[in-house]
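any chance you can model this:
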Amino acid sequence: MLLKRAVEADYSEVVEIVNLAFRGSGDVRSWNVERQFIEGQRITEPRLREELATNPDALLLVYRDQPGGPLLGSVWLQAREDGVWYLGLLTIRPDLQKRQLGRELLAAAEDYAKARGGHHMRMTVVNLRDTLIAWYVRRGYVLTGETQPFPYGDDRFGKPLRDDLYFVVLEKKI
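The predicted model follows:
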């Protein structure tokens, strides 16, 4: 597994697999899509560039089997205060998800943060994504009881189809 910081040439591929994994359909649909309650693209290339510019301490990492090989996945990591790291956009190409690459990428992201002084990983997940939340719990994450509001009125993340969305916070000691 090769995990390295994304460069501009990676952005369009990252956007493609994130949108397939989060909102895709058809034969390569991910097991954890959220399109039944949020429609539209999860991210666009301009939005990704904006997020990276706004968060210069954030890392968008890409995952490949070999240098120059096809993009298999990506993950967003951001160091926060006191050794806490935020993990987001963990994505594996939907057609490869049965190879357990998500587990490998998650473990590699945790190791990456730990090697840089991290001792806790935090993330937010849309409350209705029970299957995904259970997947993270099986990997040692715990629901903290904290919630964060869903950004209604901000269509940069897609258009919500329900009015009962919010984020739950999960955390793991690494």
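
count the residues that sit near the nearest residue to residue 162 once chain neighbours are set aside.
Nearest residue to residue 162, sequence neighbours excluded (CB to CB, 6 or more residues apart in numbering): residue 37, at 5.0 Å. Where you see a C-beta, it was placed from the backbone N, CA and C, and this is true even at glycine. Residue 37 has 17 neighbours, counted by other CB atoms under 10 Å.

from residue 21, how far off is residue 37?
16 Å (CB to CB, to the nearest Å).

again with residue 84
For residue 84 relative to residue 21 (CB to CB), the value is 25 Å.

out of these two, which sits in the more crowded spot?
Taking neighbours as other CB under 10 Å, residue 84 and residue 21 compare with residue 21 leading, 26 against 16.

quick one: which helix or strand includes the more buried one?
Assigned by DSSP states H and E, residue 21 belongs to helix 8-23.

shaky segments in the chain?
25-32 (pLDDT under 70).

ok, now with 90
Counting by pLDDT under 90, the chain contains low-confidence ranges at 1-2, 19-37, 39-42, 65-69, 93-101, 154-158.

which residue ranges of it form helices?
Remark: helices assigned in the chain by DSSP state H are 8-23, 45-54, 101-115, 130-138.

any chance you could list what contacts the second one?
So that's helix 45-54. 11, 12, 14, 15, 58, 60, 156 (CB atoms under 8 Å, 6 or more residues apart in numbering).

list the contacts for the second one?
To tie it back to what came earlier, the one meant is residue 12. Per CB under 8 Å, 6+ apart, neighbours of residue 12: residue 45.

and what of the first one?
Residues near residue 11 by CB under 8 Å, 6+ apart: 45, 48, 49.

neighbours around the last one, how many?
Looking back up the chat, that one is residue 49. 13.

same question, the first one
Here the count is done by other CB under 10 Å, and residue 45 has 13 residues near it.

tell me where this structure has strands.
Remark: strands assigned in the chain by DSSP state E are 2-5, 38-39, 58-64, 73-79, 84-92, 120-126, 142-149, 159-160, 166-173.

out of those, which gets nearest to residue 133?
Taking CB to CB, strand 120-126 is the member of these nearest to residue 133, at 5.5 Å.

distance of the residue lying closest to residue 66 once chain neighbours are set aside from residue 73?
With sequence-adjacent residues excluded and distances taken as CB to CB, 6+ apart, residue 66 is closest to residue 2, at 6.7 Å. Residue 2 sits 11 Å away from residue 73, going by CB to CB.

which neighbours do those two share?
What both residue 2 and residue 73 touch, as defined by CB under 8 Å, 6+ apart, is the set residue 63.

which residue is nearest the centroid of this structure?
The centroid of the chain falls nearest to residue 89 when counting by CA atoms, centre = their mean (1.4 Å).
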